[in-house]
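Participant: turn this into a model:
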Amino acid sequence: MKIPLITLILFLGLIISSNGQANDNQKQETPTWTEEDRRYLLDNLTRSLNELTKEVRNLTEEQWNFKENQDRWSINQIVEHLAIYELIFMNEISVALQMGEFPQIKKYPADSLFLGTDPNKNNTTDFTKPFSYSVPLGNNDGIDNLTWLTTMRRDSIEFVRTDDRNLRLHYVNFGPNIHHKCMQIFSHTDRHLKQIKNVKSHSDYPKS
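Facilitator: Here you go, the predicted model:
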């Protein structure tokens, strides 16, 4: 199995950190997930969805399906892709919870590392090889894809709002912890929100 480079780097970093010099480890406290962390995730998961919804609401069918060129995604496909990845993220979080906590890991990557981390910044199938299910087909209506994404995002928000576990002790593929993975959810939305705005700014984009 081919392990993504970012996961390997993070895993090696965790191993090195958790097996460092004894004196260093003694200075480290078990990472905790705070109410401030919860509020930060809730605010950004909600904000990113609201901004996306505002950007695509009331689009015509022609606007939903407009492409800058045949190699680019339509807004419809972008929203479908976000919904697909929301499902992928939720599955990864579920597996991490089932694996249990790893309190022996006293150090973990800085939160800032995950704000700019995008799982499909080069090729959307990089993390799904040999499968291509992350590539949007564009067969659904745009509003249906938005409803799909909204439904799952509400589940994500409810999970963050109500869960009382230490999400910084549950790791996804020994890379990011669940707090980091939730950061990737809204960071991924923010990135594609910029893509949607670029589509709408194209000179050939249909007018209302």
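
Participant: can you pull out the low-pLDDT segments for this protein?
Facilitator: For the chain, the stretches with pLDDT under 70 are 1-28, 106, 116-129, 132, 134.

Participant: which parts of it are strands?
Facilitator: For the chain, no strands are identified by DSSP state E.

Participant: need the residue closest to the centroid of it.
Facilitator: Centroid-nearest residue in the chain, with CA atoms, centre = their mean: Ile185, separated by 2.4 Å.

Participant: roughly how far apart are that one and Thr32?
Facilitator: Relative to Thr32, Ile185 is positioned 21 Å away (CB to CB, to the nearest Å). In this view, the C-beta of every residue, glycine as well, is placed from N, C-alpha and C.

Participant: tell me the contacts of the nearest residue to Tyr205 once chain neighbours are set aside?
Facilitator: Leaving aside its chain neighbours, Tyr205 sits nearest to Phe66 (5.7 Å; criterion: CB to CB, 6 or more residues apart in numbering). Residues touching Phe66, when contacts are defined by CB atoms under 8 Å, 6 or more residues apart in numbering, comprise 74-75, 199, 202, 204-206.

Participant: thinking again about what came up before, could you find the closest non-adjacent residue to the residue nearest to the centre of the chain?
Facilitator: Here the nearest residue to Ile185 in space, its sequence neighbours aside, is Phe89; by CB to CB, 6+ apart that works out to 5.2 Å.

Participant: would you confirm that His180 contacts Phe114?
Facilitator: Yes: if you go by CB atoms under 8 Å, His180 and Phe114 touch, sitting 4.5 Å apart.

Participant: which residue, other than its chain neighbours, is closest to Asn58?
Facilitator: By the measure of CB to CB, 6+ apart, the closest residue to Asn58 outside its immediate chain neighbours is Ser208, 7.9 Å from it.

Participant: got a list of what that neighbour touches?
Facilitator: Contacts were defined as CB under 8 Å, 6+ apart; by that measure Ser208 touches 58, 60, 63.

Participant: which member of those residues is positioned nearest Lys194?
Facilitator: Closest to Lys194 out of these is Gln63 (17.3 Å), distances taken as CB to CB.

Participant: what helices or strands is the longest helix seen in the chain leaning on?
Facilitator: Looking across the chain with DSSP state H, the single longest helix is helix 75-99. Here helix 75-99 is seen to pack against helix 35-56, helix 61-65, helix 142-162, helix 178-200 when contacts are counted using 3 or more CB pairs under 8 Å, 6 or more residues apart in numbering; DSSP states H and E.
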